[in-house]
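[1] need a 3D model of the following:
(2 chains)
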Amino acid sequence: MKAAVIRFPGSNCDQDCHYALQHVFGVSTDYVWHKESSLKGYDLVVLPGGFSYGDYLRCGAIARFSPIMKAVTDYANHGGLLIGICNGFQVLTESRLLPGALVRNRSLHFICEHRFLRVGATDNPFLNAAQPGQVLNIPIAHGEGNYTADEATLAELTANRQILLRYSDEKGVVSDATNPNGSLQNIAGICNAARNVFGLMPHPERACEARLGSTDGNLVFQSILNHLGVRAVA
Amino acid sequence: MKARVTVMPKKSVLDPQGVAVRNAIATHGFPQVQSVRIGKVMEIEIEGAGADAEARLHDICTDLLSNPVIEDYVLEIEA
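    Numbers count the residues shown, from 1 in each chain, chains lettered A, B, ... in the order given. I've put the predicted structure just below:
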């Protein structure tokens, strides 16, 4: 198995993603600069967090036009596993690889803290190692994580079981009080209808070792390995 | 040729910046101000573009300068 972590100017969670994949799971992982144009030979592509292009215009809007994004789009349209974390999620919605958009947190604050997430559907490559309703402890770190979509899109996401993570309390109760940023229906992560593209605001790569305070992020990486039939070798 | 693009959050999308500014205006002694919406204005200069410049600008407005999921834009062309 080979993984690629895309680097845009302003990406800053690229090394964390590389660490989690390469060192925690033993997956051969390359950095791929945004000016590259091929993703041949990769089984997983990660769009990491950060502030690509300084978040100019809108978060993720300019990264969408990086040369590598044509390869990312082709890769995803051919069924390749693609995960966008935080700014990567914003790039995915701007690229229309995922529906909806991420706007300013309703509090206007940048929020950097551990949050509890309730797992929705697990019949997908990204959460098959978790149980439906399981509660994960994974940090968030964003100023624009407020997920929004029109009613038709939301109905489709719900009907197709594409809402994979919701902000909850530690018991898994989802309410406005557990919503850090104003996201519609407490949405923290969604996948596409084909279930090969996953975008989430929380950072699983920051919850991959006990010394970081949680290992719950590993469920995401473990699920991907399960899906690909790969055994971790680290 | 000059163009001016105004991008505004859609009415259906909460604009927390606008709400914060409205509240600041109220604190400033003008509580009659009911709402503030914050968008952006882009001034664009173009040289040597053909007759299809306006159509191309509209494409750029929907592809890049605004996100149609959350924003509306108005394109104004000055000679």
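[2] what is the neighbour count of the closest residue to chain B within chain A?
    Closest residue of chain A to chain B, C-beta to the nearest C-beta: residue A:101 (4.3 Å). Where C-beta positions appear, they are placed from N, C-alpha and C, glycine not excepted. Around residue A:101 there are 24 other residues, counting by other C-beta atoms under 10 Å in any protein chain shown.
[3] can you pull the pLDDT of it?
    You'll see residue A:101 listed with a pLDDT of 97.
[4] look up how far residue A:232 lies from it.
    Distance of residue A:101 to residue A:232, computed by C-beta to C-beta, to the nearest Å: 35 Å.
[5] mind saving the C-alpha coords of stretch A:9-22 as PDB?
    Coordinates of the C-alpha atoms in stretch A:9-22 are reproduced here as PDB (Å, rounded to 0.1, in the frame of the first residue of the first chain):
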ATOM      1  CA  PRO A   9       1.800  26.300   0.000                       C
ATOM      2  CA  GLY A  10       0.500  26.800   3.600                       C
ATOM      3  CA  SER A  11      -0.300  23.200   4.400                       C
ATOM      4  CA  ASN A  12       0.800  22.600   8.000                       C
ATOM      5  CA  CYS A  13      -0.600  19.200   9.100                       C
ATOM      6  CA  ASP A  14       1.200  17.400   6.300                       C
ATOM      7  CA  GLN A  15       4.000  16.100   8.600                       C
ATOM      8  CA  ASP A  16       1.400  14.900  11.200                       C
ATOM      9  CA  CYS A  17      -0.500  12.900   8.500                       C
ATOM     10  CA  HIS A  18       2.800  11.500   7.200                       C
ATOM     11  CA  TYR A  19       3.800  10.500  10.700                       C
ATOM     12  CA  ALA A  20       0.500   8.800  11.500                       C
ATOM     13  CA  LEU A  21       0.600   6.800   8.200                       C
ATOM     14  CA  GLN A  22       4.300   6.000   7.900                       C
END
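[6] buried stuff in that stretch?
    Residues A:10-14, A:16-18, A:20-22 are the ones in stretch A:9-22 that count as buried (16 or more other C-beta atoms under 10 Å in any protein chain shown).
[7] what does it contact?
    For stretch A:9-22, the external contacting residues (C-beta atoms under 8 Å, 6 or more residues apart in numbering or on different chains) are A:3, A:5-7, A:27-29, A:31, A:34, A:44, A:46, A:48-55, A:85-87, A:203-206, A:208, A:217-218, A:221.
[8] tell me what the closest residue to residue A:93 other than its chain neighbours is bridged to.
    Distances taken as C-beta to C-beta, 6 or more residues apart in numbering or on different chains put residue A:101 closest to residue A:93, at 5.2 Å, once the chain neighbours are dropped. Judged by DSSP bridges, the bridge partners of residue A:101 are residue A:148.
[9] OK, contacts around residue A:101?
    So residue A:101 contacts A:93-94, A:147-149, B:67, B:69-70 (C-beta under 8 Å, 6+ apart).
[10] now the helices: where do they sit in chain B?
    In chain B, the helices defined using DSSP state H lie at B:16-27, B:53-60.
[11] for chain A, what are the nearby residues on chain B?
    Taking C-beta under 8 Å from any C-beta of the partner chain, the part of chain B that reaches chain A is made up of B:9, B:12-14, B:16-17, B:20, B:64-65, B:67, B:69-70.
[12] how about TSV for those residues, with distance to residue A:213 and pLDDT added?
    As requested, the residues of chain B next to chain A are arranged in TSV below (distance: C-beta to C-beta, whole Å; pLDDT from 0 to 100):
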residue	distance to residue A:213	pLDDT
B:9	36	95
B:12	38	88
B:13	34	89
B:14	32	85
B:16	29	88
B:17	32	90
B:20	32	92
B:64	39	96
B:65	41	97
B:67	34	96
B:69	34	94
B:70	33	95
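[13] that's all I had, so thanks and see you.
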